[in-house]
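1. Fold the following, please.
(chains A and B)
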Amino acid sequence: MRPRPSPARNPYWRFLVAGIRGQSAYPLATLAGLVANATFGLLKGGIMGAAVASSGGELAGYTAATMAAFVWLGQGMLGSVNLSGRSDLQTRIKSGDVAVDFLRPVSVQAAHILTDVGKGLFALLPRGLPSVVIGVLVSGMALPPDAAAYALGLASLVIGITVSHATMYALATSGFWLVETRGVSVLYMALSGFFTGLFTPIYLFPDWLLTLALLTPFPSMMQFPIDVLSGQVSGAAAWQHLGVQLVWLAVVLAVGHLTTRAGRRRLEVQGG
Amino acid sequence: MNVIKTEGLTRVFTGRPNRKDRFRRPRHVAVDRLDLIVEAGESVGYIGANGAGKSTTIKMLVGILVPTSGAVTTVGLHPLKQRRALARRIGVVFGQRSQLWWDLPVRESFSILAAIHSLPAADERTRTAELVEMLEMGEFLSTPVRQLSLGQRMRAEVAAALLHRPELVILDEPTIGLDVLSKQRLREFLVAQRREHGTTLLLTTHDMGDVERLCDRILVVDHGSLAFDGTLDGLARTVGARRELVVDLATASGDLVDLDGAEHVRSESDGLRQRLAFDPQRTTAARVLAAVSERVEVLDLSITEPDIEDVVREIYRATRR
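-> Residues are numbered from 1 along each chain as shown, chains lettered A, B, ... in the order given. Modelled structure (predicted):
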């Protein structure tokens, strides 16, 4: 019988771990991120809590406890989900370092996305968990009602992180044509702020804006995982959230795959 | 077997239209109908002025740049269509770019690359140990890449490119910025790898020392096509790759002419410093120095190697004539 190959021999596993380890090399930056998360969390919690209270204790299906969960789970995901619209791939395309990526016998798309997902997963420990703990301590936020909700919530969270980095990857490949992609980053940042549920739950939007948001992958990155983790949706509705997330994941992966293939032929690496 | 084969390989870059002529895009032919065959086991120096088309050729050989026309196969594969298969069989070092993981220890980069190239665990251990010993990397194996000195990083880069024992190694300016000792170590390593594994080498460089110590075939490229293809001896015969002995004398002296095997180039500071050219194929620096010492007292000396730029310029002049 052949011994089972250890995951350490799998390059894609190694990219994920390299992301985790690369991120862990910057503990001070991570701590600074946590402080910022917590500060803005308190601010956001105050505003959203006041909004719920002023509308008689319930707003668009949120109670004070579930709104607090929305705020603090969202803060906890900030270090893990890409909301900045910037990625390593952008700089590597611009500098030409992406040539090195193409000289490896692996999928460039998978390598980049897995490294970023690795960074995102690592950030859950020093930034995600403490944010949730602060949320529980200061606001009495709602927690998942049962073990199934935890399991589904975590799955939704991991898919959400992956959707965000896969989307960013696909957008970054525009650099094969544009070279300078700062404009794309700004557009992504503006859209993601509203549509991921960073500022407010998307369910507070007027119908037309909500419809628009649901036509993008952004809600699958944060809003849906938060819905599932906070118990705001459960049972069939939670499964439906996961289904939509997976569809978006497939879509952005397919787009990224095609743009990588086409973009590679456009690549003009400058200099040596 | 042909490790590299190009037929009519051409790459044209088109820029943006400029103000003067809005309707025409400026065209720059970087590589011009290049026909090239490199056989297994050869060690080829690919030299030329900046912008002559060296890097553009290499990028097409490894599949990161699409040719405008012509054909290219590398280790018998189509570089664009068979990217992954090709990547398993070649190793590439771009002196200016890193293939290591910036935040991770050197050791970790090697280990990830071993997984990428599907090296079995035992093989990974022996190969890594071999490279660490030959390139003297033991002392910085646990250091994150971002903390390495340039010399250390280049050794790690070369090791990373050779970890999977590629049959073709392409080095783009591998010794750029390195001190004499680091250069020497790297060259000795490459010579040994070639001897042991029959690795085919293709390197671009601005360093004549690299060419002299590593290459048995030299290609000079000018405006995207070959201006010279031959041996180092052939190159020296074509351009007369002479060295210069610079001597500082104790007292001013007249021009040192009629020396055996050396030719007076010029005198400076009223004859206190004199430059003498000699052909290393015919005599040695020691013999020239001995001849000088018979006549005058020498305080200090230095030897300048011909710049690759000079050699290239000579070739260009000879072929454009």
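
2. so how far is chain A from residue B:246?
-> Taking C-beta to the nearest C-beta, to the nearest Å as the measure, residue B:246 falls 31 Å from chain A. Every residue, glycine included, has its C-beta placed from N, CA and C.

3. who touches that residue in this structure?
-> B:273-276, B:301-304 (C-beta atoms under 8 Å, 6 or more residues apart in numbering or on different chains).

4. if we go to 7 Å?
-> Residues near residue B:246 by C-beta atoms under 7 Å, 6 or more residues apart in numbering or on different chains: B:273, B:275, B:301-302, B:304.

5. And the residue nearest the centre of chain A?
-> Against the mean C-alpha coordinate of chain A, by C-alpha atoms, centre = their mean, the closest residue is residue A:81 at 2.5 Å.

6. Present the contacts of residue B:246 as JSON lines; the columns should include distance to residue A:77, neighbour count and pLDDT.
-> Listed next are these as JSON lines, based on distance: C-beta to C-beta, whole Å; neighbours: other C-beta atoms under 10 Å in any protein chain shown; pLDDT from 0 to 100:
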{"residue": "B:273", "distance to residue A:77": "71", "neighbour count": "16", "pLDDT": "91"}
{"residue": "B:275", "distance to residue A:77": "70", "neighbour count": "16", "pLDDT": "89"}
{"residue": "B:301", "distance to residue A:77": "69", "neighbour count": "16", "pLDDT": "90"}
{"residue": "B:302", "distance to residue A:77": "64", "neighbour count": "9", "pLDDT": "88"}
{"residue": "B:304", "distance to residue A:77": "62", "neighbour count": "12", "pLDDT": "80"}
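
7. Mind checking which of those land in helices?
-> Among the contacts of residue B:246, no member falls in helices (DSSP state H).

8. quick one, what contacts residue 142?
-> Going with chain A. Per C-beta under 7 Å, 6+ apart, neighbours of residue A:142: A:65-66, A:69, A:230-231.

9. look at chain B instead
-> B:105, B:107.

10. Could you do residue B:36 as well?
-> With the criterion set at C-beta under 7 Å, 6+ apart, residue B:36 makes contact with B:4, B:6.

11. Report the separation between the nearest residue to the residue nearest to the centre of chain A once chain neighbours are set aside and residue A:79.
-> Closest residue to residue A:81 apart from its sequence neighbours, by C-beta to C-beta, 6 or more residues apart in numbering or on different chains: residue A:164 at 4.4 Å. Residue A:164 sits 12 Å away from residue A:79, going by C-beta to C-beta, to the nearest Å.

12. quick revisit: most widely separated two among the contacts of residue B:246?
-> B:273 and B:304 (12.7 Å; C-beta to C-beta).

13. tell me the mean pLDDT for the helix or strand containing residue B:171?
-> Using DSSP states H and E, residue B:171 maps to strand B:168-172. Averaging pLDDT along strand B:168-172 gives 94.

14. cool, stretch B:104-116 as well?
-> Average pLDDT, stretch B:104-116: 95.

15. ok, and for that stretch, which residues are buried?
-> For stretch B:104-116, a neighbour-count test (16 or more other C-beta atoms under 10 Å in any protein chain shown) marks B:104-116 as buried.

16. among those, which are within reach of chain A?
-> For chain A, the contacts drawn from those by C-beta under 7 Å from any C-beta of the partner chain are B:104, B:112, B:115-116.

17. For the residue of the stretch 51-200 of chain A found nearest chain B, give me the pLDDT.
-> Residue nearest to chain B within the stretch 51-200 of chain A: residue A:105 (4.0 Å; C-beta to the nearest C-beta). Note for residue A:105: predicted pLDDT of 95.

18. Now do the contacts for it.
-> Here residue A:105 is in contact with B:84, B:87-88, B:116-117 (C-beta under 7 Å, 6+ apart).

19. what about 6 Å?
-> Residues counted as contacts of residue A:105 (C-beta atoms under 6 Å, 6 or more residues apart in numbering or on different chains) are B:84, B:87-88.

20. what about burial for these, which qualify?
-> B:87-88.

21. Let me have the contacts of residue A:105 in CSV, extended by pLDDT, distance to residue A:44 and secondary structure.
-> Shown next, in CSV, are those (pLDDT from 0 to 100; distance: C-beta to C-beta, whole Å; DSSP: H, G, I helix; E, B strand; the rest coil):
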residue, pLDDT, distance to residue A:44, secondary structure
B:84, 95, 46, helix
B:87, 96, 47, helix
B:88, 96, 50, helix
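
22. which intervals of the chain have sub-threshold pLDDT?
-> In the absence of a named chain, chain A is used. A:1-5, A:270-272 (pLDDT under 70).

23. Switch to chain B, please.
-> Using pLDDT under 70, chain B drops low at B:18-22, B:240-241, B:320-321.

24. Domain ranges for it, per the record?
-> Split into domains by automatic domain parsing, chain B comes to B:2-99+B:163-238, B:242-305.

25. now the longest one, how far from the chain's geometric center?
-> Taking the mean C-alpha point of domain B:2-99+B:163-238 and that of its whole chain, the gap between them comes to 9 Å (C-alpha atoms, centre = their mean, to the nearest Å).

26. before we move on, the earlier item: which of the contacts of residue A:105 are close to chain A?
-> B:84, B:87-88 (C-beta under 6 Å from any C-beta of the partner chain).

27. Which parts of chain B are strands?
-> Ranges of strands within chain B are B:2-14, B:27-39, B:43-47, B:69-74, B:90-94, B:168-172, B:200-204, B:217-222, B:225-230, B:243-249, B:262-268, B:273-278, B:298-304, based on DSSP state E.

28. Give me the neighbour count for the residue nearest to residue B:108 when sequence neighbours are not counted.
-> Closest residue to residue B:108 apart from its sequence neighbours, by C-beta to C-beta, 6+ apart: residue B:101 at 6.4 Å. Neighbour count for residue B:101, taken as other C-beta atoms under 10 Å in any protein chain shown: 25.

29. Since that was my last question, I'll sign off now.
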